[in-house]
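Chemist: how does the following fold in three dimensions:
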Amino acid sequence: MKIVIVGAGSVGRYLATMMVRENLAVTLMDEDPGNFEEYLRENYDLLTYRGKPTSIKDLKEISAEKADLFIAVTPHESVNITACMLARNLGAKSTLARIDNYEYLQPANKLFFEKLGVNHLIYPEMLAGTEIAESLKTSWIGQYLSFCNGAMIMIASRVRAGAPILDKPFKTGYFNHGRYRIVAVKRKANTIIPKGDDEIKEKDLVYFMTMPENLDFVREQAGREDYDIRNVIFMGGSRITREAIYQMPALINKKILERDKEKCYQLADKLKDTLIVNADARDIEILKEEGIKDTHAFVAATSNSEANILACLAAKRLGVRRSIAEVENVDYVILAESLDIGTAINKKFIAASYIYQITLDADVLNLHNLTYINAEVVEFMVKEKSKITNSKIKNIRLPAEVNIGGLVRDGKGFIVDGDTQIQTGDNVVAFCPATKIRELESFFR
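Modeler: Numbering: from 1, shown residues only. Next comes the predicted model:
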């Protein structure tokens, strides 16, 4: 498969790296050759080209007409749309444009953009805002992913002292109750795919596959308390902040602390049910004045990862139990996890997962990145004669470290075990290291 990516910003570079590791033929184009230096030093096997995404001559130079997927992810929406239109008319099989206007994503506009030559649209800030809004639905869940209209969910939660699941070897059968399946455990810098002798330890970040009706049971097993999130403070009125607020329930009291006075006026026009305060959320005295002690959750979604992490640490020190930071630097994501600030959101991880899904041949309905570990959660629709239906799970030699957690059949969720026989038409949800996705995909074609 030939992939052309125009725009070597954070999303474009990460996406190129991800696809090169999958042995896809990747060409990366940008007007600024400085954006390529890091990747040339790392000797990634990709072609780079300095050129304008809206130049027909430059697009022909990189053989855009031969692209199986042409991806435009520059910071400029109009450039991305124009580049996709040109590439599609030159002969590219499929195109995708990064946008920053939610209106374009409405179903009624899909056909309009396809006629223009833009097959797919992606708004990373909206995807990140959605993940924040989902994370704020519950007080004790770090990451919440929903599949098949909510029939199956995957959650990440840190296990606290006194939890019933602590120090129980998996081989004892303690976890064989069918109410959840633990598909992965993050312990410090290590990711563990549970086997017979493994145990859950205090402060482990545990990934559970379960059904909605079992959430309270999972919470009790993890030793977590639940409380209602009613008051939320956001640091900065970024696009991610706005998209998160658009998707949050009206009953939650929302407040934005924004340093830029002019931006405060703009936010006030767009967010009628949100209190906008012209203030710097990095100032601890300001946080105290704005009622941080009565705040249930604090969200820092500015463009400054360091400031977001430090602000969340300050909020937790002041008594906030739930914090979420937008963190773009991969090294800082690891730092945020080790500091136990709560949830780290990385929009390029989220966007890359969405785009990567388009390159797969099997019927992949959802693909989500797990922020703290280099892995994805994938939802497959099982086709007739797929290899996965040939035998019970225990008799199928799946790729190493792949863990099928659950399936949805006729709208009802079930936990998968070794004796499960997957059938045509099932929706299967699997935990999969990022490097194993294509290998796993072959079982569902």
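
Chemist: now name the helix or strand holding the residue lying farthest from the centre of the chain.
Modeler: Within the chain, the residue lying farthest from the chain centre (C-alpha atoms, centre = their mean) is Lys57, at 35.6 Å. Element membership of Lys57, judged by DSSP states H and E, is helix 56-61.

Chemist: in that helix, what's buried?
Modeler: 58-59 (16 or more other C-beta atoms under 10 Å). (Glycine included, C-beta is placed from N, CA and C.)

Chemist: okay, domains of the chain per the record?
Modeler: Domain assignment of the chain by automatic domain parsing yields the ranges 2-122, 143-221, 229-320, 352-441.

Chemist: okay if I get those domains as JSON lines plus distance to Asn346?
Modeler: Shown next, in JSON lines, are the domains of the chain (distance: least, C-beta to C-beta, whole Å):
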{"stretch": "domain 2-122", "distance to Asn346": "9"}
{"stretch": "domain 143-221", "distance to Asn346": "11"}
{"stretch": "domain 229-320", "distance to Asn346": "9"}
{"stretch": "domain 352-441", "distance to Asn346": "6"}
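
Chemist: out of those, which is closest to Ala128?
Modeler: Checking the domains of the chain against Ala128 by C-beta to C-beta gives domain 229-320 as the closest, at 4.8 Å.

Chemist: what mean pLDDT does that closest one get?
Modeler: Mean pLDDT, computed over domain 229-320, is 95.

Chemist: identify the residues contacting stretch 375-386?
Modeler: 145, 147-148, 154, 184, 191, 353, 362-370, 388-389, 422-434, 437, 440-441, 443-445 (C-beta atoms under 8 Å, 6 or more residues apart in numbering).

Chemist: buried subset of those?
Modeler: By 16+ other C-beta under 10 Å, the contacts of stretch 375-386 give 145, 147-148, 154, 184, 191, 353, 362, 364, 366-370, 388-389, 422, 426-434, 437, 440-441, 443-444 as buried.

Chemist: so of these, which ones are in strands?
Modeler: 145, 147, 154, 184, 191, 364, 366-370, 427-433 (DSSP state E).

Chemist: and after the helix or strand where Arg242 lies, which helix or strand comes next?
Modeler: Element membership of Arg242 [criterion: DSSP H and E] is helix 239-246. Remark: after helix 239-246, the chain's next helix or strand is strand 253-258, criterion DSSP H and E.

Chemist: find the nearest non-adjacent residue to the residue sitting nearest the centre point of the chain, please.
Modeler: The structure's the chain has its C-alpha centroid closest to Ile350; by C-alpha atoms, centre = their mean the separation is 3.4 Å. Sequence neighbours aside, Leu127 is the residue nearest to Ile350 in space, at 4.6 Å (criterion: C-beta to C-beta, 6 or more residues apart in numbering).

Chemist: where's the helix holding Lys57 relative to the chain centroid, distance-wise?
Modeler: Taking C-alpha atoms, centre = their mean, to the nearest Å, one finds helix 56-61 lying 33 Å from the centre of the chain it belongs to.

Chemist: which residues does the residue lying closest to Ala352 once chain neighbours are set aside contact?
Modeler: Spatial nearest neighbour of Ala352, excluding adjacent residues (C-beta to C-beta, 6+ apart): Leu15 at 4.8 Å. Contacts for Leu15 were tallied using C-beta under 8 Å, 6+ apart; they are 5, 71, 73, 348, 351-352, 355-356.

Chemist: ok, 7 Å please
Modeler: For Leu15, the contacting residues are 5, 71, 352, 355, by C-beta atoms under 7 Å, 6 or more residues apart in numbering.

Chemist: following the least confident helix or strand in the chain by mean pLDDT, which helix or strand comes up?
Modeler: Each helix and strand of the chain was given a mean pLDDT (mean pLDDT, DSSP states H and E); the minimum falls on helix 37-41 at a mean of 59. Using DSSP H and E, the helix or strand that follows helix 37-41 in sequence is strand 47-50.

Chemist: CA-only coordinates of that following strand, as CSV, when you get a sec.
Modeler: Extracted in CSV, the C-alpha atoms of strand 47-50 (Å, rounded to 0.1, in the frame of the first residue of the first chain):
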residue,chain,number,x,y,z
LEU,A,47,10.7,9.3,1.3
THR,A,48,10.6,13.0,2.2
TYR,A,49,10.0,15.8,-0.2
ARG,A,50,10.0,19.6,0.1
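
Chemist: next, count neighbours for Lys115.
Modeler: The local packing of Lys115 (other C-beta atoms under 10 Å) involves 8 other residues.

Chemist: ok so it is a helix residue?
Modeler: Yes - counting by DSSP: H, G, I helix; E, B strand; the rest coil, one finds Lys115 located in a helix.

Chemist: and it, what pLDDT?
Modeler: Lys115 is given a pLDDT of 93.

Chemist: so what's it up against?
Modeler: Lys115 neighbours (C-beta under 7 Å, 6+ apart): none.

Chemist: from Asn109, how far out is it?
Modeler: Distance of Lys115 to Asn109, given as C-beta to C-beta, to the nearest Å: 11 Å.

Chemist: now the helix or strand where Asp216 lies: mean pLDDT?
Modeler: When elements are defined using DSSP H and E, Asp216 is found to belong to helix 215-221. The pLDDT scores in helix 215-221 average 97.

Chemist: what's that helix in contact with?
Modeler: Against helix 215-221 from outside (C-beta under 7 Å, 6+ apart): 140, 155, 163-165, 179-180, 208, 210, 226.

Chemist: quick one, which of these are buried?
Modeler: 140, 155, 163, 165, 180, 208, 210.

Chemist: quick one: those as TSV, columns for pLDDT and distance to Glu306 too.
Modeler: Shown next, in TSV, are the buried ones among the contacts of helix 215-221 (pLDDT from 0 to 100; distance: C-beta to C-beta, whole Å):
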residue	pLDDT	distance to Glu306
Trp140	92	27
Ile155	94	28
Ala163	97	32
Ile165	97	35
Tyr180	97	36
Phe208	97	31
Thr210	97	35
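
Chemist: need those in TSV (columns: secondary structure and distance to Asn101).
Modeler: Listed next are those as TSV, based on DSSP: H, G, I helix; E, B strand; the rest coil; distance: C-beta to C-beta, whole Å:
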residue	secondary structure	distance to Asn101
Trp140	coil	35
Ile155	strand	32
Ala163	coil	45
Ile165	coil	45
Tyr180	strand	39
Phe208	strand	36
Thr210	strand	36
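
Chemist: who does Phe208 bridge with?
Modeler: On the basis of DSSP bridges, Phe208 is bridged to Ile155, Ile182.

Chemist: list the contacts for Thr54?
Modeler: Residues in contact with Thr54 (C-beta under 7 Å, 6+ apart) are 79, 82-83, 86.

Chemist: neighbour-wise, which one of those leads?
Modeler: Ala83 (31 neighbours).

Chemist: who are the packing partners of the strand or helix carrying that one?
Modeler: Here Ala83, judged by DSSP H and E, is contained in helix 77-90. With contacts taken as 3 or more C-beta pairs under 7 Å, 6 or more residues apart in numbering; DSSP states H and E, helix 77-90 sits against helix 56-61, strand 69-72, strand 95-98.
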